[in-house]
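Peer 1: Generate a structure from the sequence data that follows.
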Amino acid sequence: MNESNKLGILKWRSWSAAWKGMVIGAALAAFMTIFIDSILLMTQHASQNSPLTGLLYLLLVPDILIAMPAWFICYLCDWRYPEYLTAGWICFIVTINTMVYGMLGYLVGWGIQRLVKLVRVIRKK
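Peer 2: Predicted coordinates:
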């Protein structure tokens, strides 16, 4: 048997709500960032007269929300955010978003965990 199975690392049920929130937030942020930015990369090279280009530009709204932490980091460090995305910038955005949304998921999970404990205490009274 694998050493990690003996320790219970891979058992999802034994994790706290905070850890589950962190994993879900980080995975969701990484997936959405890669998915939306790769589609936007395709629109940079597409013809402007293509009917699909207009539909793909609708993804700019969630991309603005997804890229907001990276924009904020660029603003704090006085870096210029690029007009056209490259693979390096997508990796930077994915890394920043994974960390930020992972921490946000951790805080949400921790809050849910505290709320559940509070409800259990109130029900015992």
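Peer 1: could you give the mean pLDDT of the longest helix along the chain?
Peer 2: Determined from DSSP state H, the single longest helix within the chain is helix 87-124. Helix 87-124 comes out with an average pLDDT of 89.
Peer 1: try stretch 41-55
Peer 2: Here stretch 41-55 scores 65 as its mean pLDDT.
Peer 1: same check, this time on stretch 16-32
Peer 2: For stretch 16-32, mean pLDDT is 88.
Peer 1: which residues touch it?
Peer 2: Applying CB atoms under 8 Å, 6 or more residues apart in numbering, the contact partners of stretch 16-32 are 12, 15, 62, 66, 94, 97-110, 112-113, 116. C-beta: built from backbone N, CA, C; applies to glycine.
Peer 1: The helix or strand where residue 35 lies vs helix 87-124, what angle?
Peer 2: When elements are assigned from DSSP states H and E, residue 35 belongs to helix 17-45. Between helix 17-45 and helix 87-124, the angle comes out at 150 degrees (axes from the mean of the first three to the mean of the last three CA atoms, to 10 degrees).
Peer 1: rewinding a little: neighbour count says what about the contacts of stretch 16-32? Which are buried?
Peer 2: Buried residues within the contacts of stretch 16-32, counting neighbours by 16 or more other CB atoms under 10 Å: 15, 66, 94, 97-98, 100-102, 104-106, 108-110, 113.
Peer 1: Report the two of those separated the most.
Peer 2: 94 and 113 (27.4 Å; CB to CB).
Peer 1: The spatially most central residue of the chain - nearest residue in space that isn't next to it in sequence?
Peer 2: Nearest to the mean C-alpha position of the chain, by CA atoms, centre = their mean, lies residue 29 at 1.6 Å. Nearest non-adjacent residue to residue 29, counting by CB to CB, 6 or more residues apart in numbering: residue 101, 3.5 Å away.
Peer 1: give me every residue that touches the one you found.
Peer 2: Contacts of residue 101 were listed using CB under 8 Å, 6+ apart, and they are 25, 26, 28, 29, 69.
Peer 1: The last one reaches residue 97, doesn't it?
Peer 2: In this case it means residue 69. Yes: using CB atoms under 8 Å, residue 69 is in contact with residue 97, at 5.8 Å.
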